[in-house]
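Participant: Okay, predicted coordinates and the sequence, questions at the end:
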Amino acid sequence: MLEILEAGGLVTVQDAGRRGWQKFGVPVSGAMDWFAHRAANVLVGNPPDAATLEIGFGDVTLRALRDCVIAVTGAGFVTSTFAWTFPLWTSFVVHAGGTVRIMKEGDGNWAYLAIAGGIESESMLGSRSSYLRAGLGQKLEVGDRLNIGQPSRSLDELAARTFSPDKLPLYSSSPVIETLDGVQSNWFTKDGLETFYSSDFSISPSSDRMGFRMDGAPIARVHAAELLSEGMTIGSIQIPASGLPIVMMADSPTTGGYPKIANVVTADLPLLAQVPFREGRIRFKMTSVEEAQARYRKMTRALEDGIEEVENDAKFAQ
């Protein structure tokens, strides 16, 4: 069991998402950075879709109420215990009664804490993912306790593992984000499309898990009218009347009525999720379906062969 001692920012339970309910208007949700979420689970011997703690924009301190192995992944955070500081993307043992502090530091937005055995919060509509707007799950607060399942292997076997640096996404505060052509790309003028693919955008502080609002040059449209609402997916880039793009993220609604100029490829959703608000700079680049699929396959293979055993004197945290 884990107990929350301090909780800053947004701390929720997330897994791979709530599939099969979109036709009823229920978003997929799940981790904002799908790669970091899966990698954290792999480090501690869990299935890649097991539930983790997603920590956004703030610090969290937890106490382990039994011996366990944890791993913290993501970008822009530091993990420490009473005696040691551990790098992200590494697994280590915490003994019963020991505390772990995950502190926001540097560029990045989201960290993922996986614990061997997985978090066994209540499953709703087939998922443990929190979707706060609908009351599915909750924001975790001080005093909350989380049940943990049984580890797949002994703690000795799961501790002191790390994820190979050359297998990690190239997190950056100024990434180039690859996209596929949107279904309404012909709704935009030639100059509008050129502006979209040649301009730098930043992420507005008004953004959230539902969508990242872009600040930058407005995109000119041919058609002023709006669409009838139609299906929408994570990564869809809508252009509302303001001309400023909105990228749909993990809590994306299932339908929308703004024209979609492009769609972020799955391989680059982790990069986009970790761009710091306001200070970061994003540029979009068109790619092909074949290239997007090849990049996604490469990332999923990295989750299978990216784990390394390391010599670590601080393997046992407390």
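Facilitator: It's in. Fair warning: this is a prediction, and the values are worked out from it, not measured in the lab. Numbering: from 1, shown residues only.

Participant: For stretch 107-121, buried residues please.
Facilitator: By neighbour count on 16 or more other Cβ atoms under 10 Å, the buried set for stretch 107-121 is 108-121. The C-beta positions use only the backbone N, C-alpha and C, and glycine is treated the same way.

Participant: Going by distance to Trp84, which of those residues wins?
Facilitator: Taking Cβ to Cβ as the measure, Trp84 sits nearest to Leu113 out of the buried residues of stretch 107-121, at 16.1 Å.

Participant: quick one: secondary structure of that closest one?
Facilitator: Using DSSP: H, G, I helix; E, B strand; the rest coil, the structure places Leu113 in strand.

Participant: what sits opposite it in the beta ladder?
Facilitator: Judged by DSSP bridges, the bridge partners of Leu113 are Leu53, Val72.

Participant: Export stretch 277-288 to CSV, keeping only CA atoms.
Facilitator: Extracted in CSV, the C-alpha atoms of stretch 277-288 (Å, rounded to 0.1, in the frame of the first residue of the first chain):
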residue,chain,number,x,y,z
PHE,A,277,3.9,25.6,-21.1
ARG,A,278,4.6,29.2,-22.3
GLU,A,279,8.4,28.8,-22.5
GLY,A,280,8.5,25.9,-24.9
ARG,A,281,8.4,26.2,-28.7
ILE,A,282,6.8,23.7,-31.1
ARG,A,283,7.0,23.4,-34.9
PHE,A,284,4.8,21.0,-36.9
LYS,A,285,6.0,18.9,-39.8
MET,A,286,4.0,16.7,-42.1
THR,A,287,5.0,13.0,-42.4
SER,A,288,3.5,9.9,-44.1
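
Participant: In it, which residues are buried?
Facilitator: Under 16+ other Cβ under 10 Å, the buried positions of stretch 277-288 are Phe277, Gly280, Arg281, Ile282, Phe284, Thr287.

Participant: Okay, and the fifth one sits in which element?
Facilitator: Per DSSP states H and E: Phe284 is located in strand 283-286.

Participant: Please identify which pair of the buried residues of stretch 107-121 lies farthest apart.
Facilitator: Using Cβ to Cβ, the two most remote members of the buried residues of stretch 107-121 are Gly108 and Glu120, lying 27.6 Å apart.

Participant: Low-confidence ranges, the stretch 101-250 of the chain, go.
Facilitator: For the stretch 101-250 of the chain, no stretch has pLDDT under 70.

Participant: where exactly do the helices run in it?
Facilitator: 155-158, 190-198 (DSSP state H, counting those that start in this stretch).

Participant: Just name whatever secondary elements the first one is in contact with.
Facilitator: What it means is helix 155-158. strand 68-74 (3 or more Cβ pairs under 8 Å, 6 or more residues apart in numbering; DSSP states H and E).

Participant: And the contacts of the strand it packs on?
Facilitator: Residues outside strand 68-74 that contact it (Cβ atoms under 8 Å, 6 or more residues apart in numbering): 2, 33, 36-37, 39-40, 43-45, 55, 64, 79, 86, 88-94, 100, 102, 108, 110-117, 148, 151, 155, 158-159, 161, 163, 274.

Participant: swap the cut-off to 6 Å and go again
Facilitator: Contact with strand 68-74 is made by 36, 39-40, 43-44, 79, 88-89, 91, 93-94, 102, 110-116, 155, 158-159, as judged by Cβ atoms under 6 Å, 6 or more residues apart in numbering.

Participant: Any idea how many residues pack against Arg297?
Facilitator: Arg297 has 11 neighbours, counted by other Cβ atoms under 10 Å.

Participant: how about it, secondary structure?
Facilitator: helix.

Participant: any idea how far it lies from Ser152?
Facilitator: 25 Å (Cβ to Cβ, to the nearest Å).

Participant: cool, and Lys190?
Facilitator: In terms of Cβ to Cβ, Lys190 sits 55 Å off from Ser152.

Participant: neighbour-wise, which of the two wins?
Facilitator: Taking other Cβ under 10 Å, Lys190 and Ser152 do not tie; Ser152 has more neighbours (15 against 9).

Participant: what helix or strand does the residue lying closest to that one once chain neighbours are set aside sit in?
Facilitator: Leaving out its chain neighbours, the residue that sits closest to Ser152 by Cβ to Cβ, 6 or more residues apart in numbering is Gly45, at 4.2 Å. If you go by DSSP H and E, Gly45 is not part of any helix or strand.

Participant: Please identify the pairing partners of the strand holding Phe284 and their relative orientation?
Facilitator: strand 176-181 (parallel).

Participant: Pull out the buried residues from the strand it pairs with.
Facilitator: Neighbour-count burial for strand 176-181 flags Ile177, Glu178, Thr179, Leu180, Asp181 (criterion: 16+ other Cβ under 10 Å).
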